[in-house]
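Novice: take a look and give me a structure for this.
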Amino acid sequence: TVDGLHGDDDIDIDVRDLALPGLTVKGNNPSIEGDTLTIEGVAGASNDNVSWTPAAFDGGTLVVGAQTILVETMERLLYDGEAGDESLTVSGEGRFVHTPGAARDAGTVQLDSLLAISYEELGFAGTVTIDGTGAGDLLVARGTDADDRFDVAATSGDVSLTSAHGAHVVLIRSDVEMLMLDGLNGDDMSVINLPQPYEEIHVHGGDQGSTDFLQVIEETVENETFHVFPDTTFGDGGIRVDTASDSLPIYYESAEWVNLYGGSIIYGDDDDLVIHDDTANNLWWVTGGSDPNTVRVTIDQHSPIEYFGFNDVMLMNGPASPTGFDRFRIDATILTVASDGDFTVHGAGADVLEALGTGQDDWFRVVAWGGPQGTVAVNGSAVRFGGLASLDLIGLEGNDWFNVDVDASAGSDVISVPINIDGGGPENDGVSVRGAPQSVLAESSYEPGPDPSQGVLEYWGDDAFMQINFQNVDVVQDEVVVTESFHVHA
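Specialist: Numbering: from 1, shown residues only. Predicted structure coming up:
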């Protein structure tokens, strides 16, 4: 037994070849700063195999090499690995917090409020293992106050941290159920590679003044559905990744940018993406992303969501209630760079879809098949839609042509949602409505607007009605088959 008695004691033990049947170290009564126990290990590299099992706020059991040390009444515990690429394991049940040190092979691990163990000079190839013995253990992996990058390895869940100092020693997971990445200050990046052994993952970007980035990368040869649920607070939300046999929730806070990678385009997986509403009234913007192969979805002031490599993509107002009144503004021509399936906008009944042109010469086509209410394509890039109160087609600049095809031979029918067409600039823009729909139309009408480029087309039958409003249009061609009459209103 080594007993420091009174005062602030510094006790150093150089284990080397120690193998005593029992060794107890007591700090006893501290004065001001407290008692410190420093341990150095067995001679040579990678021989220490250190394990720390805290049992009290001031003690626990430390094993170094062949020596077991019972630690009591101690305020600080430090292990010096002497740059030997050593391994440190901390075991117990509860909330583990790992805080990196200024050096890449230094840091501290604390379990709940029990005595923490600090390590230094572990060696850059050394490891720290978090061994959970409970049913709901949590690992909190902290970053630094500067720019950091976390990488969570697929399958194992091991955590790598890269800071301004370089790559820190790896945190190895052992039977830990939950993970929290805490970036603290700085512009931080958190990369989660699927699949993960955790039951849930939390990502804290840190201070709001920074730009923090969350990236989730799919599991190859696995069909997954990514669900994104933005919260009402900027930077907050959740991602749920569903497979046939499992579901992983990922919660994020203060993440200014979310990036999702599927495997449909590169690996041929059937990965889908569903982005949900936050129950408020929102404007959705769908544009090109920061990379030429990504698409960006921004919901009002929420963090933008960029994606690549998915099969089907759906923007959904709901299913949470209340659903709000949303406007979906989409640059449809960029959608094919990031997905190879169907792109669908699913409103809640009172929402608007705006399909935008490119500012050049564009061709719009609307049909009744595909989505619950139909499909609009811009230069061949299609958006299926349902649950809308109106469909707005906006040509911007250029000579644009808007085709509404209701012909039954093309599988189409009357478009049930009102269509609003804006040709855009002063160029030569045209509207064509054509076909014999499956629904029988008895009458149609044309009502000019106050400006020569404006007007309204309406079609109705016993069980069908279609309305098309247009402005900034130079040519209108109406070739829809009706059984009785066509009216022109002066």
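Novice: pLDDT below threshold where in the stretch 101-250 of the chain?
Specialist: Counting by pLDDT under 70, the stretch 101-250 of the chain contains low-confidence residues at 208-209.
Novice: how about a cut-off of 80?
Specialist: In the predicted model, the stretch 101-250 of the chain carries pLDDT under 80 at residues 206-210.
Novice: now do the stretch 251-400 of the chain
Specialist: Using pLDDT under 80, the flagged stretches of the stretch 251-400 of the chain are 318-323, 337.
Novice: can you pull out the strands in it?
Specialist: When secondary structure is read from DSSP state E, counting those that start in this stretch, the stretch 251-400 of the chain shows strands at 257-261, 272-276, 283-288, 295-299, 305-308, 313-316, 327-330, 343-356, 363-367, 374-378, 381-394.
Novice: check which helices and strands the third one sits against.
Specialist: Helices and strands touching strand 283-288, as assessed by 3 or more C-beta pairs under 8 Å, 6 or more residues apart in numbering; DSSP states H and E, comprise strand 295-299, strand 327-330. Every C-beta, even on glycine, is put in place using the N, C-alpha and C of the backbone.
Novice: residues of it that come out buried?
Specialist: Taking 16 or more other C-beta atoms under 10 Å as the neighbour-count basis, strand 283-288 is seen to contain the buried residues 284-286, 288.
Novice: how many residues are close by residue 487?
Specialist: Counted with other C-beta atoms under 10 Å, residues neighbouring residue 487 total 10.
Novice: typed the wrong thing, it's residue 475
Specialist: Applying other C-beta under 10 Å, we find 11 residues neighbouring residue 475.
Novice: show me what contacts it?
Specialist: Applying C-beta atoms under 8 Å, 6 or more residues apart in numbering to residue 475 gives the contacts 428-431.
Novice: hang on, the earlier thing: Serialize the helices and strands packed on strand 283-288 to JSON lines and add fields for mean neighbour count and distance to residue 343.
Specialist: JSON lines is the format used below for those (neighbours: other C-beta atoms under 10 Å; distance: least, C-beta to C-beta, whole Å):
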{"stretch": "strand 295-299", "mean neighbour count": "22", "distance to residue 343": "9"}
{"stretch": "strand 327-330", "mean neighbour count": "21", "distance to residue 343": "8"}
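Novice: turn these into CSV, columns for distance to residue 489.
Specialist: CSV is the format used below for the helices and strands packed on strand 283-288 (distance: least, C-beta to C-beta, whole Å):
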stretch, distance to residue 489
strand 295-299, 41
strand 327-330, 30
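Novice: indicate which one of the ones you listed is closest to residue 144.
Specialist: Residue 144 lies closest, by C-beta to C-beta, to one member of the helices and strands packed on strand 283-288: strand 295-299, at 29.0 Å.
Novice: who's in contact with that closest one?
Specialist: Under the contact criterion C-beta under 8 Å, 6+ apart, strand 295-299 has outside partners 230, 275, 277-278, 282-290, 304-308, 313, 315, 334-335, 337-339.
Novice: in the sheet, which strands lie alongside that strand, parallel or antiparallel?
Specialist: Sheet pairing for strand 295-299, assigned by DSSP bridges, gives strand 283-288 (antiparallel), strand 305-308 (antiparallel).
Novice: rewinding a little: now, of the contacts of residue 475, which are buried?
Specialist: When neighbours are counted using 16+ other C-beta under 10 Å, the contacts of residue 475 contain these buried positions: 429-431.
Novice: please flag which of those sit within strands.
Specialist: Using DSSP state E, the members of the buried ones among the contacts of residue 475 that fall in strands are 430-431.
Novice: before we move on, the earlier item: and residue 438, which of the strands of the stretch 251-400 of the chain is closest to it?
Specialist: It's strand 363-367; of the strands of the stretch 251-400 of the chain, that one is closest to residue 438 (C-beta to C-beta) at 11.9 Å.
Novice: okay, the nearest residue to residue 382 once chain neighbours are set aside and residue 386: tell me how far apart.
Specialist: Taking C-beta to C-beta, 6 or more residues apart in numbering, and ignoring the residues beside it in sequence, residue 382 has residue 375 as its nearest neighbour in space, at 5.3 Å. Note on residue 375: its distance to residue 386, by C-beta to C-beta, to the nearest Å, is 10 Å.
Novice: this protein: helices as residue ranges?
Specialist: In the chain, the helices defined using DSSP state H lie at 264-267.
Novice: ok, the residue nearest the centre of the chain to residue 195 distance?
Specialist: Nearest to the centroid of the C-alpha atoms of the chain, with distances taken as C-alpha atoms, centre = their mean, sits residue 258, at 4.5 Å. When C-beta to C-beta is the yardstick, residue 258 and residue 195 sit 19 Å from each other.
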